[in-house]
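K.L.:
pasting the structure only:
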């Protein structure tokens, strides 16, 4: 268990150093720790004392607890070419949730609608929270209660999810992203 903790701390140190563009030599000079110790620390070969962890945290200007918390979820990349694989279809509408299933705070979905979709318009609302629609191409028509909004490429709208709304296309097809917080079917705590 301790080896795993050292390896995780080392990974976090390396990640902070790399993302900030700091060389191992520079970090060694500025922290007063040796290059070989820091290299071994990053590779999980050395244990770190509380004193040295405090020095590293001060160097990066982060709270020491950052290094002790479990690593977050691994980033998930969805390539454009993969968006329509494993997607749900509703008539001619293609719908793909791109956030992980265990996402607790938001849900992002990629949607493609041909012109005049959906054929049967479904006015709906969700529980508490918010929705955002970002148009990637084409033109999306969004009704929020009695107001109508036409969103062209690059346009977005944010609204409360618990009001009646409708998303459709008219004369143009559209590709857009829907972001909802919390995810559909989950409640705000």
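P.N.:
Sure thing, it's come through. These figures come from a predicted structure and were not determined experimentally.
K.L.:
Report the separation between residue 18 and residue 43.
P.N.:
To residue 43, residue 18 is 14 Å away according to Cβ to Cβ, to the nearest Å. From N, CA and C alone the C-beta is placed, and that goes for glycine too.
K.L.:
same thing with residue 98?
P.N.:
34 Å.
K.L.:
When these two are compared, which one has more neighbours?
P.N.:
Legend: neighbour count by other Cβ atoms under 10 Å for residue 98 and residue 43, higher for residue 98 (17 against 13).
K.L.:
wait, the more buried one sits on residue 108?
P.N.:
Yes - shown here, residue 98 and residue 108 form a contact pair, counting by Cβ atoms under 8 Å, at 5.2 Å.
K.L.:
Can you find the helix or strand in this protein with the smallest mean pLDDT?
P.N.:
Here the helix or strand of the chain ranked lowest by mean pLDDT, DSSP states H and E is strand 88-90, holding a mean of 65.
K.L.:
what's the following helix or strand after it?
P.N.:
Using DSSP states H and E, the next helix or strand after strand 88-90 towards the C-terminus is strand 93-97.
K.L.:
Can you name every helix or strand that that following strand contacts?
P.N.:
Under the contact definition 3 or more Cβ pairs under 8 Å, 6 or more residues apart in numbering; DSSP states H and E, strand 93-97 sits against strand 88-90, strand 107-113.
K.L.:
So for residue 143, which of those strands sits nearest?
P.N.:
Residue 143 lies closest to strand 107-113 among these, at 14.3 Å (Cβ to Cβ).
K.L.:
Check what contacts that closest one and list those residues.
P.N.:
With Cβ atoms under 8 Å, 6 or more residues apart in numbering as the test, strand 107-113 has contacts from 78, 83-84, 87, 92-99, 140, 167-169, 173-184.
K.L.:
Only the buried residues of it, if you could.
P.N.:
107-113 (16 or more other Cβ atoms under 10 Å).
K.L.:
next one: stretch 128-142
P.N.:
By neighbour count with 16+ other Cβ under 10 Å, stretch 128-142 contains the buried residues 129-135, 138-142.
K.L.:
all helices of this protein, in order?
P.N.:
Remark: helices assigned in the chain by DSSP state H are 2-19, 24-31, 35-42, 50-60, 65-68.
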